[in-house]
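> Got a sequence here, can you build the structure:
(2 chains)
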Amino acid sequence: MIDVRLLRNEPHLVKAALARRGKPELLVQLDTAISLDEQVRDITARRDTIRARVNELSKLVGTARRNGDNDEAEKLQAESRSLGDDEKSLAESFETAQGQLRDVMLRLPNLPHPDAPDGASDHDNPLVIGPNQMPASFTEHQRMPHWEIADALGILDNERAVKLSGAMFTMQRGAGAMLSRALCQYALDMNADAFEEIRPPSLVTTATLTATGQLPKFAEDAYAIERDDLWCIPTAEAPLTSMYAGEVLDDAQLPLRLMAYSSCYRREAGSAGRDTRGMLRAHEFDKVEIFALSTPETADELLIELRDRAERLIAGLGLPYRIIEICTGDMGQSHHRSFDIEVYAPGCDNWLEVSSVSWFSDYQGRRADIRYRKTGEKGTHIANTLNGSALAVPRVWAAIMENFREADGSVIIPEVLRPYMRGMDRISPRG
RNA sequence: GGAACGGUGGCAGAGCGGACAAAUGCAUCCGCCUUGAAAGCGGAAGGCUCAAAAGGCCCGGGGGUUCGAAUCCCUCCCGUUCCGCCA
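Alright, predicted model coming up:
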């Protein structure tokens, strides 16, 4: 959520920043928010004046009763009662206006960072790093899509996954299943030097999913367990971000670094029919997420740290990759500044987004009410949040298939994964 | 799922219709003492809202009773313990 005070005091700044996202309807919403805020403050002022008088009268009633002056007390009580109705109706208008304001504010996206590149769509995302580790050319046997490679190796059984759960569910078996698990283990081990490992719940409350920005606007994209009012997490970002919701931390505890392996659940409501084959888009997938909670002062360094860590994982696997920065027109709702790591998959002949690393400024921190206190200072500040996929399994899995396929149809396992693969150095066709 | 007991400031914990934003302890900050520190002594200090003062709001959430609610009533949520069920 954007700071209402900023909206109030510097509306032109907020307008200018949001305009960079290139969506005119946002500016209309912004005006609605501004006028609702004015309403709320006007009602508050009038309500509080009445409340002050009621409080004052109540004290006088107490005094009068104690002094045995019952006539005076009756008189004061009558006055107080008559104010009660006005107070009640003002309180109701306040609730209404406040609720409307909150709803608009929750749906407004974050302001882009001043250094975030301008642009209208993903075509305008500038290249920041790479392409690195790109071979001069690809051989013919690398030009096979991973689902065909995996099928030939007997390590992907999406037909049966569909039988179990329906379209867009995947199932790996044998060395394929082991490879998924190895990728997670690798990602966790490579970040264990600075990140505390968390195994969070996969089902979370509405409040938790609202804090990160998935709700209320993107309810269609998430799986809901309606009977129990719970949601399946689309990413471990949700539980990690809300771990400290409603708490006040000491600044000495910051930055706080957490990482988590989890399954992620996405309805993919807007992309039915896209990437239906193989592993590129599924309703359920595994991911290792890295997360940091910080002061605004250190957030920009942390963003680069998280990005470097994600890059190091991909580089370590020997895959061809590049890093792009997300432009204002392509940025996610909660993002302040954001980078994507893409891996080239020769079989699909596509750059696959395998990691997204973002800084949310205080947008999520305000929604989650995560605050910190500076040592020796009065008052509290809203914490900044950052996160990134350290490693999203399916697309990396697919890229390994397509990049490391040999002429004989076998796939070489990257060296860094072999310790997690019981020493296996390649996946060969069965029999 | 059933029963009992709970939910109060950063933490622990009193208060159980009016003088309560709320005792006390720990932690924090500032003095004094000390070469320095600890201990001791004295003092300061909750959060949110408002440009600020005044004012208002906050004792798990919501609703009610009352002139007045942390305190009484209803309801929901959460926790602990016991029982039931169960990887």
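> quick one, what contacts A:V248?
Taking CB atoms under 8 Å, 6 or more residues apart in numbering as the criterion, A:V248 is in contact with A:R371, A:Y372, A:R373, A:T380. The way it works is simple: take the backbone N, C-alpha and C, and place the C-beta from them, glycine included.
> just the buried members of those residues?
A:R371, A:Y372 (16 or more other CB atoms under 10 Å).
> which parts of the stretch 51-200 of chain A sit against RNA strand B?
A:51-52, A:54-59, A:61-62, A:65-66, A:76-77, A:80-81, A:84, A:95 (CB under 7 Å from any atom of the strand).
> Oh, that last question was meant for the stretch 201-350 of chain A, not what I typed.
Contacts of the stretch 201-350 of chain A with RNA strand B, taken as CB under 7 Å from any atom of the strand, map to A:V248.
> sorry, back to before: filter the residues of the stretch 51-200 of chain A next to RNA strand B down to the buried ones.
When those are checked for burial by 16+ other CB under 10 Å, the buried set is A:V54, A:L57, A:V61, A:L76, A:Q77, A:S80.
> Whether stretch A:12-23 contacts RNA strand B - can you check?
No: counting by CB under 7 Å from any atom of the strand, no contacts exist between stretch A:12-23 and RNA strand B, the nearest distance being 14.4 Å.
> Please name the nearest non-neighbouring residue to A:D229.
Spatially, and ignoring its direct neighbours in sequence, A:D229 is nearest to A:T206 (6.4 Å; CB to CB, 6 or more residues apart in numbering).
> what does A:G347 give?
A:G347 sits nearest to A:E402 (CB to CB, 6+ apart), 3.6 Å away.
> Same check on A:E220?
A:A269 (4.5 Å).
> what ranges do the strands span in the stretch 201-350 of chain A?
With DSSP state E, counting those that start in this stretch as the criterion, the stretch 201-350 of chain A has strands at A:203-205, A:224-225, A:230-232, A:248-250, A:256-265, A:284-294, A:321-325, A:337-345, A:350-359.
> Output the contacting helices and strands for the lengthiest helix in chain A.
The longest helix of chain A (DSSP state H) is helix A:24-66. Here helix A:24-66 touches helix A:4-9, helix A:11-19, helix A:70-107, going by 3 or more CB pairs under 8 Å, 6 or more residues apart in numbering; DSSP states H and E.
> possible to save those as CSV with distance to A:A175?
Shown next, in CSV, are these (distance: least, CB to CB, whole Å):
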stretch, distance to A:A175
helix A:4-9, 53
helix A:11-19, 49
helix A:70-107, 45
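> Can I get those helices in a markdown table including mean pLDDT?
Shown next, in a markdown table, are the helices and strands packed on helix A:24-66 (pLDDT from 0 to 100):
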| stretch | mean pLDDT |
| --- | --- |
| helix A:4-9 | 89 |
| helix A:11-19 | 93 |
| helix A:70-107 | 86 |
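> Where does the stretch 251-400 of chain A get nearest to RNA strand B, residue-wise?
A:T380 (3.9 Å; CB to the nearest atom of the strand).
> ok, back up a step: if I read this right, the residue nearest to A:E220 contacts A:A219, doesn't it?
No: assessed by CB atoms under 8 Å, A:A269 is found out of contact with A:A219, at 9.5 Å.
> out of those two, which sits in the busier spot?
A:A219 (15 against 11; other CB atoms under 10 Å).
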